[in-house]
Every structure is written in structure tokens, then in C-alpha cells.
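Enquirer: The following comprises the amino acid sequence and a computationally predicted model.
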Amino acid sequence: MATNNESKEESPVYKSEEQIHAKSWKHLLIISSAVYLVVEVIFNMSLLEVVSRPDLTSDVLHSVEGFGRRASSTGFALFVVGVFVSSSFIVRTYPKLFLLCGIALVCALPFLLTPYHTDTLFCVGAGLSLTAYASSRMTKSYSAAKRSSLALLGLLLLSWPAFYYGKIAVTDHYIIDPSSGEERLSARYINLLRMALVNDIVVLEDVAPADFNGPNSAEARAFLVMLGPLALNSDSLLSWASNEENVDSVVRKLARLRKVVDTDKEYAKYLDRRDIFIKEVYEPYAAASESYVGQGKPIAEQADKNWKTIHLEIDQGLVNYKREQKTFEDAYIRLARDKISPKLQQFFEKRAKCSERSSSSSVRSCQESLDQEYEKLMSRVINPPIPWRNFCKEDNGFDLNDTFEAIRTFGISILSRALSSRYDCSYDPQMVGLMLAHWEKDRFGSHKSNSYGLPYGLSDQGYYSSPQVAKAVRDNLMNKHGIKLPSNWDIYDRKTFNKAYTLMAQNEANVIWDRKITQLLGGVVKPRLSMNQLTKTSVVASKIKEELVDMYQPGFVFSWSKKEFVTNIIEPALKKRVDDELKVFKTHATKYENGEELMDEGKMLLRTALIPPIAVCLSLLFSFLSAGKLLVSAREILVKEEISSKLMKWLWSAILYTLPLVTALGLAAYLPNPYLSSQAWDELYNETRQQSVWWPYSSKFVLSVQPVLAYPGDILMRTFEPFGLKGSSENGGTKSDEAAPHDLLELIRK
């Protein structure tokens, strides 16, 4: 960085060029300061204007505050730049070096002492480094204009972000964060009190509107800006604002006064929504419902058709059953013809010869031997083997011829044979095959071609009355068509079938209906509903409620007249909003403490109460300092004579710096200010002085000089109309006859 010795080594040509640039920088700084002064005054008046507006919203207030921070940051940056403008921003002497370091320390302190916006330290360091670099020997080869520009950029980077974010950091860390829940809740009451005063709906002993030059005068608006800190330090104001009856009265009066809901506009929206609802919702719903209802007749016809089809299938099942049974029997007839009948013939013939033996024991032995041989032979074909007696007809009667022969011959064997059982046996393949089929009838029930699993040997009547047939039909209807019939249903019960079929068809229709209506409405509702019934269903009502929000009430329909709409929607909506506001004011202060659910809202409310007064005080201070700086700079340019004495130079600067403030205070003393001379102010001032030193004096200062600044300020407001705000000289501020819907006491809530 350049020192005194190094500066002497620089060429006179270089120093002359630098001085020329310094003069140009001074001219530019004067112009910038003049523009800044205009901007600062506009911000000052804008802040007073928005705070005194009946239709104030938090968005407008925050926009004005943000604009004010940018303006004040610009003013601080111009001040820092002005300190070094005489040397074209190049730091040449040790005093200026120490001054630069001091400014850098001041810029860094907010971010060293608070946890907020610490990344701004990078800008402070970068700005300091850039200014030091531009002032060092490393840039001696640069032109004077380039060095000055680099140094200027460094000073701006050092000062502007530091003030902008430092103001936020200091305010949050030292004022907002340490505040108690009681203070944050009190801020809510104070904001309500401000709204009541703005709308002229309350009369207080401490604040009498008659004491002002009209409720919209500059001092009245200045008082509204300073109301936050005054009320926080005034027990009488705060106790009135927090009184439950007063809160209830103010909130209800504000709701009526501000015409929160435009009835005509809302009813027009209601009619538009009704037209859209009919076209996009109800008409498609009605068409789908008509199609659904029209399915009743086709269902009955389809049931009759399916009944006939089922019985045709049952009849065909009988044909198939008989065919399967014949196939089953034919298989055994072939078996009998090929293998069994010849064997049976031999067996019966041999067994008949056994009876011719002389002794009964011999007969029995012969027969038993043949019976064993029969079982062994038959088991190879059919297991278990069918008894041979199944092929015979037993005859236990006497043969008279044999009896007479036995008596005549006295033949004991013949008599024994006559008294024994007699069998009439057949080995005809047809008869044997049928007998075998009957013996193996259990195999028929599990035969793969027997689709119903019916037993062998059913008659036509037995087939139709068979439970297996009924069950097979029931299972088939259930599996293929979803028709559920009771277990005791028989195939002639048409009434039960029609009922089950209708239920199945209805269920299918319901599935289709549910799918279509879900695509249309996002949920399932019943068919055949009127438009009013449809709007009351939970599916449709939830969507209407989601769209209308506060303008929705249970039982909402689209058939109301305007009078019914007001009764059913507007009045309940107003009542609900007012009740919601009143409920908020009954919240206990502990809910606003740090870490509690209303902490952020409480901080924001306190900012709304305290930031505007702080901003106004800083704005007035910067405005007067900027005006004084303009006078000092103008004298340096206009007066060519140099002042040799540093003391006189400092004295002149001090006089010119304080001249705007002294002039404003003089004019304030000359101009009438009824409120500052009223007993109401004296009482409020004395009460607040017992709890605070700074705020009573600063409030008195603002109330004194603000009317003076209002004269040029109103002209600027009318000229530029910032933020869409009108100048207040003609009507004392803008009052809106109606507010936008959903803006009820927005500032109080937010």
C-alpha cells in the first residue's frame, strides 16, 4: 500500500492525472448522493404511507422495507466512498489506512458477533483486499482511472453488503431473538391497534385523532410508524390493546369495515364454477349414470338366455352320460366275450359234474377246489374277483323226479343232491359284461370321460335330480361367470338362478361404473344422483372444498340463489374468519417463546412492530447526513478559495453537515404540531420514558421533523408513485373501499 514516501516518488504527471480523476469522482459522487437523497426520502414517505393504509398487506410492507434496506446500504456505501474520494479512493496516508481498517472492522463486527449471514465476511475481506491491492505498488503500472475504479469497487464490495445484511443480523440477534413470548404476543395486539387507528374505529385517551392535523396528516402517519415501540413501553396502550372485549370489538369492526368479501364478485365466480361443473362433471356423470341404469333390461334378457343355454348343456350332459355309460359297458362286454365267458362256461360245467359224485364230502371237496381255481383265475382280470354266484340264479326247490327215484332205489346220494341248492347260471357275454360293469361301477364315477362324476346306472330322472349335476352346474357358473348359487340349489330353481345372475351382472356393472366414475371424479359415488346430491358426496365435496377453501361450507350446492349464497357461504365465511382471528389472540404467550410452535410467527410480528420505526429513524438520519454532505461537496466545488486552517475546514464541514437537521428542527418548532403540544402526548411520553430512554426521544424527533420532510416528500410521491402508492398530499393516503378476498387482517396474521 502506498505511503507518504512512496507518493513523493510518483511523477507529477501521474499525480496531476489522479487529481483530475478525483475531481471527476467528486462530481459523480455529488450526483449519486443527490439521487440517493431523493430515493431515501421516497422510501421514508413510502414507509409512512404503507403503514397508514387501511388495506395494508405484509407483502407490500416487506417490499418497502427491502427497498429501504437497499437504499440505506447505498447511503452507507456513498459515505464510505466519500471518505476516500479526495485521493481517488487510493489509500495513501496512514490516517486513511487506519480509517479503512476501522471501517472494515465496523463492517465485519455484525457477522463476528452474530450467527447470521456470516458468509458476508467474504465480501468484507474481498473488498478490503481489492482496495489494498489497488493502492499498492503492484498497480503502479496501471492508469489512474483503472486504479481508482478497482479501489472504488473494493470499497463498494466492502460496505454495501455489510450494511445490508449487517442491519438484519444486528436486528435479529440483539432485538428479535432475545425477545420474550409476552413481547411477541404484545406485538400482535399492537398491530391490531394500529389497524384500528388507521381505520378510525377506536378512540383512546392517550391517542386522540383530534389532536392530529387530521387522521391522515404527516404527524399522524409518523405516530402510526412509531406506535410499536411506544405501545410496548406504555402499559395503558398495551392493556387497552390486549383487553379481550376490545380485541373482539376491533376484529369484528375491521371485518365489516373492510368488506373482506365482494359478494357480487364471489357470486359471479360461483355461477361460473357452476357452469364449469355442469359441463365438465355433471353431464359426463349423468351420461355414465344413464348407461348404467339402462343395463337393467339387458341383464334380464341375458339371464333368460343363459338359463336356456345351461339346460341345453345339462341335456347334452345326459346324452354324454349315456354314451359314456355305454362305452363303459361295452368295454366289459368285450372283456367277457374275449376272456371271461369261456372260462365261466368251463367252470360251471365242471362244477355241475361235482354234484354227480357219490359222497357229499367229495362233492364239497370238488366244489371248493373249483371255487378256489375260479377266484385265482378271475382275480387276474378283475380284482377283487366277482363271485361266480353273481352270474347265477339260485333255486332251492325239490325236483320230484329225483325224489321219487331216490325213494324207489333207496339212493341216499340222489336224495342229498335233491335237497342241496340249485343254480341257474349264465355265461352269455352280454349278460356277463353287464354284470361285470355293475360290479366295477365305482370305476365309472372316476372315469375321465365322466365330466360330472355321476354314479353308474342312473335313469333320466335320476340324472336330472342328481346332486352331482347340480353341483357341476353351480361350479361351472361360479368359475366361468362368477354366478354364486346356494348349495341346495337344483337345476329347476330358475328364480334363484335369475337372482344370482342379476347380482353377478350388477357386480360387473358396478366394477365398470366404479372404474369410469373414478376416472371422472377421482373416487366412487352412486349412480342416479341429482346435481345437488352429487355435490354433497364426500368425493365431490372434498374437491370443491379444496378449490374454494374458506368459501366452502358443508352442504354446498350449485343451485343457490344470490340470497341463499350469501346466507350459506358469505356470512359463515366471514364469521369463521373473524372467529379464527379471535382464537389466535387467545393463544398463551408461552406458545411464542423460542422453540415453541408460534416462535417464527411471533418474531415476524415483532419485526412488523419494531423494524418500521428503526427504518424511519435511520432514514431520517441518512437523509439529513446526505443533505449535509451535498452542502459540503457543493461548497468545495463552488468556493474556489482554499481554507488553510484545518480547524476552520472542520468547522465549516460541521456547520454544513448539521444545517439540514437544524433547519428541519427550526421549521418543526415554527410549524404547528397539535399532537406534540397535547396532553395526550405528554402523558404517553412521560409513561414511556419510565421504561425506555431511546424510544420516547426518537419518537418525538420523528413526530417533529417528519411533517417538515412531508412537504418535499409528498411531491416526490406524487411524481414517482413507488409501489403503486399515491401521494398523500391530496387525500392523506390511499384508502381502499374493499380488499381482495382472503386478505382479512393479513398483517395481523402475518
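Expert: Here it is on my side, so go on. Residues are numbered from 1 along each chain as shown.

Enquirer: Can you give me the domain boundaries for the protein?
Expert: The chain breaks down by automatic domain parsing into domains covering 4-189+598-749, 263-293+529-578, 297-494.

Enquirer: weakest of the ones you listed by average pLDDT?
Expert: Lowest mean pLDDT within the domains of the chain: domain 297-494, a mean of 76.

Enquirer: how about the helices in the stretch 151-300 of the chain?
Expert: Secondary structure of the stretch 151-300 of the chain (DSSP state H, counting those that start in this stretch): helices at 181-198, 218-232, 235-242, 244-257, 263-277, 283-293, 296-335.

Enquirer: before we move on, the earlier item: right, and the domains of the chain - which one's nearest Phe585?
Expert: Of all these, domain 4-189+598-749 sits nearest to Phe585, with 6.7 Å by C-beta to C-beta. Placement of C-beta: from N, CA and C, glycine included.

Enquirer: picking that back up, for the helices of the stretch 151-300 of the chain, give me TSV that also has distance to Arg53.
Expert: Listed next are the helices of the stretch 151-300 of the chain as TSV, based on distance: least, C-beta to C-beta, whole Å:
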stretch	distance to Arg53
helix 181-198	7
helix 218-232	10
helix 235-242	20
helix 244-257	13
helix 263-277	21
helix 283-293	46
helix 296-335	65
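
Enquirer: deepest of these, which one?
Expert: Stretch with highest mean neighbour count among the helices of the stretch 151-300 of the chain: helix 218-232 (a mean of 25; mean count of other C-beta atoms under 10 Å).

Enquirer: how far is it from where the chain is centred?
Expert: Relative to its chain's centre, helix 218-232 lies at 40 Å (C-alpha atoms, centre = their mean, to the nearest Å).

Enquirer: and the residue lying closest to Leu485 once chain neighbours are set aside, how far is that from Pro612?
Expert: Of all residues not flanking Leu485 in the chain, Arg474 sits nearest, at 4.7 Å (C-beta to C-beta, 6 or more residues apart in numbering). According to C-beta to C-beta, to the nearest Å, Arg474 and Pro612 sit 84 Å apart.

Enquirer: same deal with Asp338?
Expert: Asp338 sits 119 Å away from Pro612, going by C-beta to C-beta.

Enquirer: who has more neighbours, those two?
Expert: Applying other C-beta atoms under 10 Å to Asp338 and Pro612 shows that Pro612 carries more neighbours, namely 25 against 10.

Enquirer: separation between the residue nearest the centre of the chain and Met717?
Expert: Residue closest to the mean C-alpha point of the chain, counted by C-alpha atoms, centre = their mean, is Glu546 at 10.4 Å. In this view, Glu546 and Met717 are 42 Å apart by C-beta to C-beta.

Enquirer: these two touch, right, Phe627 and Ala34?
Expert: Rather than Phe, residue 627 is Ala. No - when contacts are counted by C-beta atoms under 8 Å, Ala627 is not listed as touching Ala34 (9.4 Å).

Enquirer: So which of these two has more stuff around it?
Expert: Ala627 (21 against 16).

Enquirer: quick check, the more buried one in a helix?
Expert: Yes - membership of Ala627 in a helix is supported by DSSP: H, G, I helix; E, B strand; the rest coil.

Enquirer: which residue packs closest to it, ignoring adjacent ones?
Expert: Closest to Ala627 by C-beta to C-beta, 6+ apart is Pro660, at 3.8 Å.

Enquirer: Spit out the contact partners of Ser623.
Expert: Residues in contact with Ser623 (C-beta atoms under 8 Å, 6 or more residues apart in numbering) are Leu37, Glu40, Val41, Asn44, Pro660, Leu709.

Enquirer: can we see that at 6 Å?
Expert: Glu40, Val41 (C-beta atoms under 6 Å, 6 or more residues apart in numbering).

Enquirer: Quick check: closest non-adjacent residue to Leu667.
Expert: Using C-beta to C-beta, 6+ apart, the closest residue to Leu667 is Val708 (4.7 Å).

Enquirer: let me redo that: Met378
Expert: Pro385 (3.5 Å).

Enquirer: give me every residue that touches the one you found.
Expert: Contacts of Pro385 by C-beta under 6 Å, 6+ apart are Glu375, Met378, Ser379.

Enquirer: Over to it. Which of the three states is it?
Expert: Under three-state DSSP, Pro385 falls in the coil class.

Enquirer: Does anything pack onto whichever strand or helix holds Arg147? Which helices or strands?
Expert: Using DSSP states H and E, Arg147 sits in helix 144-171. Packing contacts for helix 144-171, counted by 3 or more C-beta pairs under 6 Å, 6 or more residues apart in numbering; DSSP states H and E, involve helix 12-51, helix 58-83, helix 94-113, helix 120-135.

Enquirer: repeat that with 8 Å
Expert: Here helix 144-171 touches helix 12-51, helix 58-83, helix 94-113, helix 120-135, helix 599-638, going by 3 or more C-beta pairs under 8 Å, 6 or more residues apart in numbering; DSSP states H and E.
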